[in-house]
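Novice: what follows is a predicted protein model with its sequence.
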Amino acid sequence: MGQLDGKVAIITGSTSGMGRDTAYRFAAEGAKVVVTGRNEERAKAAVDKIKAAGGEAIYVIADTTDLSSAQKIFDACMNAYGTVDILINNAGMLSLTPFLDLTMEEWMNVLNVNVTMAILLGQLCAREMKKKGAGHIVNISSVAGTSARWGPTAYCTSKHAMMGLTKAMARELGPEIHVNGICPGAIKTAMLDSAGGEAAMTGMIEMSPLHRCGEGSEIASTCLFLSTAESSFITGQLIRVDGGVDC
Ligand SMILES: NC(=O)c1ccc[n+]([C@@H]2O[C@H](COP(=O)([O-])OP(=O)(O)OC[C@H]3O[C@@H](n4cnc5c(N)ncnc54)[C@H](OP(=O)(O)O)[C@@H]3O)[C@@H](O)[C@H]2O)c1
């Protein structure tokens, strides 16, 4: 018996990286999974892999710089499975542009993908979860949501917003819905590669008592913990999964 048998989970940004690892883990635990992203080839491959392992999943292609994507993702989930129990707001866009060079176009794209989508999808899913009397929402922030040391302006600001959003959602959506967040450190994904990969993280790795980057599966297991009764007295919390870089 899986920990998520009978549950339906939307995982944004699950065509790649830690979102995809979470989709695989959730499907292995019995959840019906909605995979989302822009890349259809990777989305289809993820769904095919889940089905080949005996799981259940669909994919929705949606660019989340376009805010109408929230309704598209939610509708696809409702049409396929008729409900939603878990929302993992994971899709994220890295911006390395320094403050003085940041354009409003880039800022709005980062804000839409990293924060506004979580609000819109959160509203749609929370209404359904309230009706059912239960639900779990996990927002993926970052260590860049805790300190400007770990990311430049747009990314850092958007991830700080995810911290506040998590606490505000938890306070307003309880007691039926648990809302928590995760602050990953350096995790081995395509996003980390785009920032220079592990070689660019030597400072962070040295600061970590564990002396390594994390794996997507280590974020997936934390998402699982925060989506089950194993975390029944935890809400409004941001859990750092970062190898202890700032401890
Ligand atoms: N890796 C790290 O070290 C690290 C550290 C802290 C926090 N995070 C956060 O972790 C989350 C997952 O990142 P990751 O490291 O797993 O990166 P990743 O492998 O690059 O995955 C990012 C995911 O987000 C989706 N996405 C990005 N922009 C999108 C857009 N405009 N519309 C729709 N989907 C979009 C991508 O889908 P498509 O490519 O199919 O569009 C992909 O599935 C992000 O929120 C990121 O900020 C990562």
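Specialist: Perfect, thanks for sending it.
Novice: use CA for all of it now, contacts and neighbours both
Specialist: Noted.
Novice: mind naming the longest strand for the protein?
Specialist: Looking across the chain with DSSP state E, the single longest strand is strand 177-184.
Novice: burial measure for residue 95, as a count.
Specialist: Residues within reach of residue 95, counting by other Cα atoms under 10 Å, total 18.
Novice: in contact with it, which residues?
Specialist: 110, 152, 154-155 (Cα atoms under 8 Å, 6 or more residues apart in numbering).
Novice: centroid-nearest residue for this protein?
Specialist: residue 90 (1.8 Å; Cα atoms, centre = their mean).
Novice: buried ones in the helix or strand of the chain with the lowest mean pLDDT, by neighbour count?
Specialist: Lowest by mean pLDDT, DSSP states H and E among the helices and strands of the chain is helix 202-207, with a mean of 90. Buried residues in helix 202-207, defined by neighbour count with 16 or more other Cα atoms under 10 Å: 204-205, 207.
Novice: equivalent analysis for stretch 69-87, please.
Specialist: 69-70, 73-75, 77, 81, 83-87.
Novice: so for the helix ranked longest in the chain, mean pLDDT?
Specialist: When the chain is parsed with DSSP state H, its longest helix is helix 153-173. For helix 153-173, the mean per-residue pLDDT is 98.
Novice: and the angle for it with strand 177-184?
Specialist: 160 degrees (axes from the mean of the first three to the mean of the last three Cα atoms, to 10 degrees).
Novice: packing partners of helix 153-173?
Specialist: Using 3 or more Cα pairs under 8 Å, 6 or more residues apart in numbering; DSSP states H and E as the contact criterion, the elements in contact with helix 153-173 are helix 104-111, helix 117-132, strand 135-140, strand 177-184.
Novice: does that helix come close to the ligand?
Specialist: No - Helix 153-173 stays out of contact with the ligand when judged by Cα under 6 Å from any ligand atom, the minimum separation being 7.6 Å.
Novice: this structure against the ligand: which residues are in contact?
Specialist: 13-19, 37-39, 62-65, 90-93, 113, 140-142, 184-192.
Novice: how does it look with 5 Å?
Specialist: Within the chain, the positions near the ligand by Cα under 5 Å from any ligand atom are 13-18, 37-39, 63-65, 90-93, 142, 184-187, 189-192.
Novice: filter those down to the buried ones.
Specialist: 13-18, 37, 63-65, 90-93, 142, 184-187, 189, 191-192.
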